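Asks: Using only what follows, build the 3D model:
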Amino acid sequence: MNELLERFRAAQVTAESIFWRPVSSPAEMFRDLAAYAEEHDVAWDRYGERGAVEQLEGEVAELLGKPAAVMFPSGVMAQQATLRAWCDRSGSRRVALPDLSHLVHHEQDGPRRVMGLELEWLTTGRETPTADALAKIGGRLGAAMVELPLRDAGCLLPTWDELVELSAAARERGVPLHADGARIWESVPHWDKTLAEAADLFDSMYVSLYKGLGGSSGALVVCPEDLAGELRSWRQRMGGTIFSMTTAAVGGLMGLREHLTKFGDYRAWAIDLAAALHGHGIRTFPESPHIATFLAYAPGTADEVNERVVAFTEERGIAPSGLWRDSDVPGWVETELTCYDTAIAHDPAEVAALMAEALGPANLLP
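Replies: All right, here's what the predicted structure looks like:
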């Protein structure tokens, strides 16, 4: 796999990318940031105060209808600090969250080892959070958290009614409800709701600057004003109040202006692509994507399929997908597809046919 990955990365440099975003150099990104900063007369922040950071925090708080927003260098730091702050207020370190949460699988046991949190499963596997699920967790909870969408489940979203009922149940029980909204920008078209309507169901919400918005890094938490003060203290304790976050803040400001209105179009294109993939025997989850990112499944093993995909990319100068990995179902592989500007410039039926060709007809259903 390492050799295939190196070949794929080398081929991607000159190949046309369909999914995610085109490969770019640091120099290209810095030129774009500099052009924006000059055009908009951006000022430096200092230790997370004033300048571009203050402007970004104000814009995001207003978009999500919350009194305040606090910028962090990373979402990992942002969410661990937020959950710890809620738990300190609640007098309990127990947090209910999905067992597929990013906090569980991608943070080196940080919530427990760094913050001393005790994790309880709000959902397991590909389940959406509900009021009934919260009710099954007895005892005193410091906080509850949902991930919108649940990325490791194919970017799965609950229904709007499920969220409304969960929010009401948490408030009636006195449990602070936090949302991992890294991709909330992309999620609201699924419910046909505004960002503020979604955020209103939660006591706090984390948003990412580099996923859907395409920034270089960074995250924010929207929340009540008094919690914002506590989060700034936690940010400093955790080493996150760095000399300047202006570069990341400028990327976020650019992303809000360039991408915020496009996520409905991205989602609609992804739904059309999934339908076209089904016609080639490539399965998807969800069957009809909830956002512009979803999982695709095909027969084969990772080594066999990736050899075909890499060779196709090298020979044709087109990357038809990312690399694939073995799925939980023996004999099937999976990959994640994210449909942004480079994808929607194509006909989804043609992209589906291209993917089928790259994977090889022997691996696909007639």
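Asks: Any stretches of this structure with poor pLDDT?
Replies: By pLDDT under 70, the weakly predicted segments of the chain are 1, 361-366.
Asks: now do 80
Replies: The chain contains residues with pLDDT under 80 at 1, 23, 361-366.
Asks: residue ranges for the strands of it, please.
Replies: With DSSP state E, the ranges of strands along the chain come out as 16-17, 68-72, 94-98, 118-123, 143-147, 177-180, 204-208, 219-223, 283-285, 293-299, 318-319, 325-326, 332-338.
Asks: Could I get these in CSV, plus columns for mean neighbour count?
Replies: Every residue, glycine included, has its C-beta placed from N, CA and C. Shown next, in CSV, are the strands of the chain (neighbours: other C-beta atoms under 10 Å):
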stretch, mean neighbour count
strand 16-17, 16
strand 68-72, 26
strand 94-98, 24
strand 118-123, 19
strand 143-147, 28
strand 177-180, 26
strand 204-208, 27
strand 219-223, 29
strand 283-285, 19
strand 293-299, 22
strand 318-319, 20
strand 325-326, 14
strand 332-338, 21
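Asks: For the residue nearest to Thr130 when sequence neighbours are not counted, give me its contacts.
Replies: Using C-beta to C-beta, 6 or more residues apart in numbering and skipping residues adjacent in sequence, the residue nearest Thr130 is Glu162, 5.2 Å away. Taking C-beta atoms under 8 Å, 6 or more residues apart in numbering, we find Glu162 in contact with 128-131.
Asks: With neighbour count and distance to His40 as new columns, can those be given to me in a markdown table?
Replies: Output for the contacts of Glu162, formatted as a markdown table (neighbours: other C-beta atoms under 10 Å; distance: C-beta to C-beta, whole Å):
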| residue | neighbour count | distance to His40 |
| --- | --- | --- |
| Thr128 | 19 | 40 |
| Pro129 | 24 | 39 |
| Thr130 | 19 | 43 |
| Ala131 | 17 | 44 |
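Asks: What is the nearest of those residues to Glu62?
Replies: Set against Glu62, the nearest of the contacts of Glu162 by C-beta to C-beta is Pro129 (26.9 Å).
Asks: so the closest one touches Leu122, yeah?
Replies: Yes. Judged on C-beta atoms under 8 Å, Pro129 makes contact with Leu122 at a distance of 5.5 Å.
Asks: any common contacting residues for those two?
Replies: 98, 146.
Asks: quick revisit: could the strands of the chain be laid out in JSON lines, adding distance to His346?
Replies: As requested, the strands of the chain are exported to JSON lines (distance: least, C-beta to C-beta, whole Å):
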{"stretch": "strand 16-17", "distance to His346": "10"}
{"stretch": "strand 68-72", "distance to His346": "35"}
{"stretch": "strand 94-98", "distance to His346": "33"}
{"stretch": "strand 118-123", "distance to His346": "35"}
{"stretch": "strand 143-147", "distance to His346": "30"}
{"stretch": "strand 177-180", "distance to His346": "31"}
{"stretch": "strand 204-208", "distance to His346": "26"}
{"stretch": "strand 219-223", "distance to His346": "31"}
{"stretch": "strand 283-285", "distance to His346": "17"}
{"stretch": "strand 293-299", "distance to His346": "16"}
{"stretch": "strand 318-319", "distance to His346": "10"}
{"stretch": "strand 325-326", "distance to His346": "24"}
{"stretch": "strand 332-338", "distance to His346": "13"}
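Asks: how many other residues sit next to Ala135?
Replies: For Ala135, the number of neighbouring residues by other C-beta atoms under 10 Å comes to 11.
Asks: got the contact list for Leu33?
Replies: 216, 247, 250-251, 254.
Asks: Taking the residues you listed, tell me the two that lie furthest apart.
Replies: Greatest spacing in the contacts of Leu33, by C-beta to C-beta: Thr247 and Met254 (11.0 Å).
Asks: Between those two, point out the one with more neighbours.
Replies: Met254 (21 against 18).
Asks: ok so, going back, and the contacts of Glu162, which is closest to Ala11?
Replies: Nearest to Ala11 out of the contacts of Glu162 is Thr128 (C-beta to C-beta; 38.0 Å).
Asks: does the closest one really touch Cys155, like I thought?
Replies: No. Look at Thr128 against Cys155 with C-beta under 8 Å: they stay out of range, at 11.9 Å.
Asks: and the nearest residue to Leu56 once chain neighbours are set aside, how many neighbours?
Replies: Nearest residue to Leu56, sequence neighbours excluded (C-beta to C-beta, 6+ apart): Ala249, at 4.6 Å. By other C-beta under 10 Å, the residues close to Ala249 number 28.
Asks: who touches the spatially closest residue to Pro176 that is not a sequence neighbour in this structure?
Replies: In this structure, Pro176 finds its nearest non-sequential neighbour in Trp86, 4.1 Å apart by C-beta to C-beta, 6+ apart. With contact taken as C-beta under 8 Å, 6+ apart, Trp86 is in contact with 142-143, 176, 178, 203-204, 227.
Asks: Ok, Val23 next?
Replies: 12-13, 17.
Asks: Gly218 too?
Replies: For Gly218, the contact set (C-beta under 8 Å, 6+ apart) comprises 71-74, 208-210, 245, 248-249, 251-252.
Asks: how about a cut-off of 10 Å?
Replies: The contact partners of Gly218, taken as C-beta atoms under 10 Å, 6 or more residues apart in numbering, are 53, 56, 71-75, 78, 207-210, 245, 247-252, 255.
Asks: For stretch 32-45, buried residues please.
Replies: 32-33, 36-37, 42, 45 (16 or more other C-beta atoms under 10 Å).
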